[in-house]
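>>> can you look at this prediction? I've put the sequence above it.
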Amino acid sequence: MLVLGFPAGPLQANCYVLARGDGQPCVVVDPGQEASEPLRAQLREHGLTPAAVLLTHGHFDHVFSAGEVCRAYDVPAWIHPDDRFMLADPGAALGPAGRQLFGDVAMAEPADVREIADGERLELAGITFEVTHTPGHTGGSVLFGTATDEGGRLVLSGDTLFAGSIGRTDLPGGDHERMLHSLRTKVLPLADDTAVLPGHGPTTTIERERASNPFLQDLPAPVPPRD
């Protein structure tokens, strides 16, 4: 599997591109501010054609270029329904302090927006993605998990989980208790060797975060499912 990634915009949000290989259709994840030009360069270099845009949550630094990408390649965008409103009004997620800091953020909503649900499986560009709803950073935050051709697992964690930290929960729609519940019930059960591609910062693994991330270390272990 081909996995590309680059940080974009003032907040350095990671945009990812996944495909079966060069010259194949691909999926674009979280095309945020100033992502269009570096994305086009990656697509040209590897001969890729977007088949869909996946959005881990609705904050503008992750979705700002989604409308432009979707229009350019005539593809849909997928987002959890609890965050869909941010595509039309990204400032709604900033709050008064955020609006003062960033000003009014204006962007075009994708023409074709499709809603995703917890546990849903998406077959896109020859890749199967499993959706896991992880509210906390926002009400509609999700993980996108998939298996690699080499037999490993990876998860696109958005702003739910970072290397050594987690997403903030003090913005409108954030909820710290829901975040801790999502971490305990949705993140901790993931296999140790799962590669984590976060919304900001470097990649990591569940094993590394389980051992060193202070937000995970104090959580009670999830109760294993009954047979």
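Right, received. Where do you want to start? Numbering: from 1, shown residues only.
>>> and the helix of greatest length in the chain, what does it pack against?
Identified as the longest helix of the chain according to DSSP state H is helix 36-46. If you count contacts as 3 or more C-beta pairs under 8 Å, 6 or more residues apart in numbering; DSSP states H and E, helix 36-46 packs onto strand 2-8, strand 13-19, helix 66-73. The way it works is simple: take the backbone N, C-alpha and C, and place the C-beta from them, glycine included.
>>> and with 10 Å instead?
strand 2-8, strand 13-19, strand 25-29, strand 49-54, helix 66-73 (3 or more C-beta pairs under 10 Å, 6 or more residues apart in numbering; DSSP states H and E).
>>> so which residues make contact with it?
Residues outside helix 36-46 that contact it (C-beta atoms under 10 Å, 6 or more residues apart in numbering) are 2, 4-8, 15-17, 19, 21-24, 26, 28, 31, 35, 48-50, 64-65, 68-69, 72-73.
>>> hmm, 8 Å instead?
The contact list for helix 36-46 (C-beta atoms under 8 Å, 6 or more residues apart in numbering) reads 2, 4, 6, 8, 15, 17, 19, 22-23, 26, 28, 31, 48-50, 65, 68-69.
>>> on the C-terminal side of the worst-scoring helix or strand of the chain on mean pLDDT, identify the next helix or strand.
One helix or strand of the chain scores below all others by mean pLDDT, DSSP states H and E: helix 95-102, with a mean of 60. Of the helices and strands lying after helix 95-102 in sequence (DSSP states H and E), the nearest is strand 113-115.
>>> could you give the separation of that following strand from the chain centroid?
Between the mean C-alpha point of strand 113-115 and the mean C-alpha point of its chain there is a distance of 15 Å (C-alpha atoms, centre = their mean, to the nearest Å).
>>> which of the residues in that strand are buried?
Applying a neighbour-count criterion of 16 or more other C-beta atoms under 10 Å, the buried positions in strand 113-115 are Val113.
>>> name the next helix or strand downstream of that strand, please.
strand 121-124.
>>> list the helices and strands that following strand packs on?
Against strand 121-124 (3+ C-beta pairs under 8 Å, 6+ apart) you get strand 49-54, strand 127-133.
>>> one more time with 6 Å
Packing partners of strand 121-124 (3 or more C-beta pairs under 6 Å, 6 or more residues apart in numbering; DSSP states H and E): strand 127-133.
>>> for the strand it packs on, give me every contacting residue.
Ile116, Asp118, Glu120, Arg121, Leu122, Val142, Leu143, Phe144, Gly145, Thr146, Lys186 (C-beta atoms under 6 Å, 6 or more residues apart in numbering).
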